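Peer 1: Let's see this in three dimensions:
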Amino acid sequence: MKKTLKLYIAFVVISAGALMSALLFLNYQVEPLWVVLIWGISSWISDMFPVEVKKINGNSMLLGLSMTFNLSAAVLFSPLTAALIGMIGGLPSLKKTEWSKAIFNVAQISISTAMASLIYRWTYPVNSAEIIKILAIGIAILSYAVLNNIFVSSAVSLATGKKMKTILKDVFMDFFGISIFISLAVAYVVVYLYPYVGLWDIAIALGPLLTIRFVLDLYKKFLNTKIESMGALLKALEEKDPYTAGHGERVSKYATLVAERLGIDGKLLEDLRMAAWLHDIGKIGIRDKVLNKPGKLSLDEFEEIKSHPVKGAEILSEVPSFRKMVPWVKYHHEHWDGSGYPEGLKGKQIPLEARIIGVVDVYDALTTQRAYRKAFSPEMALQIMKNESGKSFDPVVLAAFLDVIDNIEDVRNGRDVKEE
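Peer 2: Purely as a prediction, here's the structure:
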């Protein structure tokens, strides 16, 4: 673990301790122990089986459902009680967990819960109008989510070396929205029913929470099945055209290196990596005798080959989470000067991601043996590509490609990529 991450965890833990001490000093009351335990254990149980919502920078973003209990505790109970419930809810599951991650999670959730409780009390004076209460609950929920995601995103940034701004953007866009919607809806129900049903509120909350978790899990399995199907199609393609075996994986790795050089990271980088892996999936619809023809293609055969980006785009469009990638795959054979296909786009009309895939795709094609020719040497391939700067290739993307060529060669030859 990096020293900066250790210091950050220590800071968060010390801050949590200082906040708890301040709440004790200010004589905030604590609910009976059995209330704290039941509420806290319910929060903990609801987080034991999270759903992976997204992968960002290689790190899984897991959607647990404890936020509902933590938020309702922040509104219903004192800040000190809310902090204790948050601490219990943040305890690690029965699976093996690194102690540093466990103590960090407990500390950051207790801070987020206590601060949400304090903010609720500051924004909802006693005996205020009901509309003020509704707004105050919403502000408390928002403050909890913001603090919680900032804590986690900072830790991910320090652990991975990725930019904090990018991670936060990805978290807020793809994770934060889902968790806020669920927590807002169920937490409001819990808060308003508690005066009438007491701790039976927990049972009422678990019903919709478990249903939501079940639906999200089914959706995730559906997406995984789609991705596995894409992988099976690629495997079938490689069996049809053995000369392209491993091509998608290499292009994906090359594209990642070039994209990082151009400052792309976070979820966009993950999506580009996937699109580059699947960029030739449309070739599954091309006849074997055309794919594997050793001689020159006829005009009709070349037109058939040229249809594969469009076919690939049609396949990807069937998966909701892949729809952003559709133009990247569809236009990866467009040229900077407008001489490419399928639509003859030019310059920045071509998505940047498609331009990146286009450059690395050509390099891998040139440096691997095909049915119709032998592989070019890396030096010859690079010379051919340099001659196409401003013609087939975006000069900026090609320059980034040349900047990382040593790392690309490491990947091509199965060596570990050198760290800069």
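Peer 1: how does the protein divide into domains?
Peer 2: 3-223, 241-412 (automatic domain parsing).
Peer 1: number of nearby residues for the spatially closest residue to Y8 that is not a sequence neighbour?
Peer 2: Closest residue to Y8 apart from its sequence neighbours, by CB to CB, 6 or more residues apart in numbering: L158 at 5.6 Å. C-beta here means a position set from N, CA and C on the backbone, and glycine is covered the same way. Here the count is done by other CB atoms under 10 Å, and L158 has 19 residues near it.
Peer 1: The helix or strand hosting L158: how far from the chain's middle?
Peer 2: L158 belongs to helix 130-160 when elements are defined using DSSP states H and E. Chain-centre distance of helix 130-160: 19 Å, with CA atoms, centre = their mean, to the nearest Å.
Peer 1: tell me which residues of that helix are tucked away?
Peer 2: Buried residues in helix 130-160, defined by neighbour count with 16 or more other CB atoms under 10 Å: 133, 136-141, 143-160.
Peer 1: Packing partners of it?
Peer 2: Helix 130-160 is packed against helix 3-25, strand 59-63, helix 67-76, helix 99-123, helix 164-171, helix 177-197, with contacts defined by 3 or more CB pairs under 8 Å, 6 or more residues apart in numbering; DSSP states H and E.
Peer 1: repeat that with 10 Å
Peer 2: With contacts defined as 3 or more CB pairs under 10 Å, 6 or more residues apart in numbering; DSSP states H and E, helix 130-160 has these neighbours: helix 3-25, strand 51-56, strand 59-63, helix 67-76, helix 79-89, helix 99-123, helix 164-171, helix 177-197.
Peer 1: Please identify the deepest-packed of the ones you listed.
Peer 2: Mean neighbour count, computed with mean count of other CB atoms under 10 Å, is highest for helix 67-76 among these, reaching a mean of 29.
Peer 1: angle of that helix against helix 79-89?
Peer 2: Per axes from the mean of the first three to the mean of the last three CA atoms, to 10 degrees, the angle that helix 67-76 makes with helix 79-89 is 170 degrees.
Peer 1: pLDDT on helix 67-76, on average?
Peer 2: In this model, helix 67-76 has a mean pLDDT of 84.
Peer 1: what about stretch 296-313, how long is it end to end?
Peer 2: The distance separating the two terminal residues of stretch 296-313, taken as CA to CA, to the nearest Å, comes to 26 Å.
Peer 1: try stretch 312-328
Peer 2: By CA to CA, the extent of stretch 312-328 from end to end equals 10 Å.
Peer 1: Tally up the residues packed near K296, please.
Peer 2: Other residues within reach of K296 by the criterion other CB under 10 Å amount to 8.
Peer 1: Next, work out how far apart it and V290 are.
Peer 2: From K296 over to V290 the distance is 12 Å, taken as CB to CB, to the nearest Å.
Peer 1: Same check on W200?
Peer 2: The gap separating W200 from V290 is 68 Å, by CB to CB.
Peer 1: Please say which of the two ends up with more neighbours.
Peer 2: V290 (16 against 11).
Peer 1: G344 reaches W336, doesn't it?
Peer 2: No. Counting by CB atoms under 10 Å, no contact exists between G344 and W336, whose distance comes to 11.8 Å.
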